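Chemist: From the sequence below, what's the structure:
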Amino acid sequence: MSIDTTVHDSSGNIFEDMGMPNAEEVLAKAELARVIRKVLKERKLSQIQAAEILGLKQPDVSDLVRGKLARFSMERLERCLTALGMDVRIQVGPKPVDKTRATVSVELVPSF
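Modeler: Numbering: from 1, shown residues only. You can find the predicted model right below:
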C-alpha cells in the first residue's frame, strides 16, 4: 500500500483546501474562537468562571475551547468577545482585483 505524499499549495484556508462548504465562515468562526481561547488562557479562567462571564453553560465553554463550533454562530462568538471586554470591529470593502473571490478574515489587534 502506498501513501499519497503529493504536496499541494494551500489557499490559506485549510477548510477550503479540504473542500468544506462555507469555508470562509468556518475559518472566521475558528479564528474568533481562537481569540476567545487566548483571552481565557491569559486570564487563567476556569471553564466555570468563563461560562459565568460569557453567559454560557460550562459544556458550551468546553465545546468552544475544543473547537466544536457547530452550535456557535458568528454573532454568538462576537457576543462572547464583547463579554470579555474585547471590541469587535467589522470592516467591509470591495475585494482586491487580483483575488478571484471575496473573503472573510479575523485579525487580533492590540487596540483600535
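Chemist: Grab the CA positions of the helix or strand of the chain with the lowest mean pLDDT and hand them over as PDB.
Modeler: Every helix and strand in the chain was compared by mean pLDDT, DSSP states H and E; the lowest is helix 14-17, with a mean of 74. Provided in PDB are the C-alpha atoms of helix 14-17 (Å, rounded to 0.1, in the frame of the first residue of the first chain):
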ATOM      1  CA  ILE A  14      -7.500  24.800   5.400                       C
ATOM      2  CA  PHE A  15     -11.200  24.400   5.400                       C
ATOM      3  CA  GLU A  16     -11.300  25.400   1.700                       C
ATOM      4  CA  ASP A  17      -8.400  23.100   0.900                       C
END
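Chemist: what's around residue 93, how many residues?
Modeler: The tally of other residues near residue 93 (other Cβ atoms under 10 Å) stands at 6. For glycine as for every other residue, the C-beta is placed from the backbone atoms N, C-alpha and C.
Chemist: Ok, the one 5 residues further on next?
Modeler: When neighbours are counted by other Cβ under 10 Å, residue 98 registers 5.
Chemist: hang on, the earlier thing: which elements pack onto the least confident helix or strand of the chain?
Modeler: Helix 14-17 sits against helix 23-42, with contacts defined as 3 or more Cβ pairs under 8 Å, 6 or more residues apart in numbering; DSSP states H and E.
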